[in-house]
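**Q** okay, here's the prediction I keep looking at, along with the sequence it came from:
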Amino acid sequence: GQQVMQIPQYQHVQEGEDFTTYCNSSTTLSNIQWYKQRPGGHPVFLIQLVKSGEVKKQKRLTFQFGEAKKNSSLHITATQTTDVGTYFCAGPHGTNFGNEKLTFGTGTRLTIIP
Amino acid sequence: DTEVTQTPKHLVMGMTNKKSLKCEQHMGHRAMYWYKQKAKKPPELMFVYSYEKLSINESVPSRFSPECPNSSLLNLHLHALQPEDSALYLCASKTGQITGELFFGEGSRLTVL
């Protein structure tokens, strides 16, 4: 079945440093989504990328979808303590009655050293 | 604040108990999901309901029984669970479109003794 891997598994950064997480799928994706889960919280949607090579920005966050639509990245510039959490990519695999089976990546846990 | 409401937030049950988890959304979404999340792991899909019909069952053991009484409500009935079923159970919803974001509830943290 489809596998979605993320690296690194953990990342500890000093506040103000940049952070990047990489997402790789074993299959080509029609789209990819990113979610953030704060410690003790639930996943919250950040963004969806659809086009090959697409780049989207949200303030300090930059999201990229690979040309082959099998990989994606999330880059955070000048991290802040509010960025703490686990970042998941998620890609659809198969549809059933018009609904996607969204498979979550393994996640990257970001901790910030003040 | 989430627009998907899950109750209870915490549940402790024995292996012989029967309990239910409840999920409610009033966003008019037509697809509702149950995910299971173990500590430090990604959410794993369990069930999907589309227009109140079960459309996806990811080979979940029969001790988990989903129910969708109407388009706003989703239940997960639990019976004869095992300690390894202890996890965070997340409900999510989205519009009836094929693509689109999932809106998650805060989850029900289940402990099976």
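**A** Perfect, I can see it now.

**Q** tell me the residues of chain B that contact chain A?
**A** Contact residues, chain B versus chain A (C-beta under 8 Å from any C-beta of the partner chain): B:2, B:31, B:40-45, B:48, B:50, B:53, B:55-56, B:58, B:90, B:96-107. C-betas here are computed from N, CA, C, even on glycine.

**Q** taking these one by one, which sit in strands?
**A** Judged by DSSP state E, strands contain the following of those: B:31, B:44-45, B:48, B:50, B:53, B:55-56, B:90, B:103-104.

**Q** got a ChimeraX select line for the buried ones in those?
**A** Listed next is the ChimeraX selection for buried residues among these, using 16 or more other C-beta atoms under 10 Å in any protein chain shown:
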select /B:31,44,45,48,50,55,56,90,103,104
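
**Q** output the ones in strands among the residues of chain B next to chain A as a markdown table; include the columns pLDDT.
**A** Formatted as a markdown table, these follow (pLDDT from 0 to 100):
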| residue | pLDDT |
| --- | --- |
| B:Ala31 | 91 |
| B:Glu44 | 96 |
| B:Leu45 | 94 |
| B:Val48 | 92 |
| B:Ser50 | 89 |
| B:Lys53 | 92 |
| B:Ser55 | 89 |
| B:Ile56 | 89 |
| B:Leu90 | 98 |
| B:Phe103 | 95 |
| B:Phe104 | 97 |
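
**Q** next, the angle from the lowest-mean-pLDDT helix or strand in chain A to strand B:53-57.
**A** Every helix and strand of chain A was ranked by mean pLDDT, DSSP states H and E. The lowest is strand A:99-104, at a mean of 81. Counting by axes from the mean of the first three to the mean of the last three C-alpha atoms, to 10 degrees, strand A:99-104 points 40 degrees away from the direction of strand B:53-57.

**Q** give me the mean pLDDT for the very next helix or strand once past strand A:99-104.
**A** The helix or strand immediately downstream of strand A:99-104 is strand A:108-113, counting by DSSP states H and E. The pLDDT scores in strand A:108-113 average 96.

**Q** contact partners for residue 85?
**A** Chain wasn't specified; assuming chain A. Remark: with contacts taken as C-beta atoms under 8 Å, 6 or more residues apart in numbering or on different chains, A:Gly85 is in contact with A:36-39, A:41, A:109-110.

**Q** let me rephrase: I mean chain B.
**A** B:63-64, B:78, B:110, B:112 are the contacts of B:Asp85 under C-beta under 8 Å, 6+ apart.

**Q** hang on, the earlier thing: how about the contacts of A:Gly85 in JSON lines, adding secondary structure and distance to A:Lys70?
**A** Putting the contacts of A:Gly85 into JSON lines (DSSP: H, G, I helix; E, B strand; the rest coil; distance: C-beta to C-beta, whole Å) gives the following:
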{"residue": "A:Lys36", "secondary structure": "strand", "distance to A:Lys70": "22"}
{"residue": "A:Gln37", "secondary structure": "strand", "distance to A:Lys70": "24"}
{"residue": "A:Arg38", "secondary structure": "coil", "distance to A:Lys70": "28"}
{"residue": "A:Pro39", "secondary structure": "coil", "distance to A:Lys70": "30"}
{"residue": "A:Gly41", "secondary structure": "coil", "distance to A:Lys70": "29"}
{"residue": "A:Arg109", "secondary structure": "strand", "distance to A:Lys70": "23"}
{"residue": "A:Leu110", "secondary structure": "strand", "distance to A:Lys70": "23"}
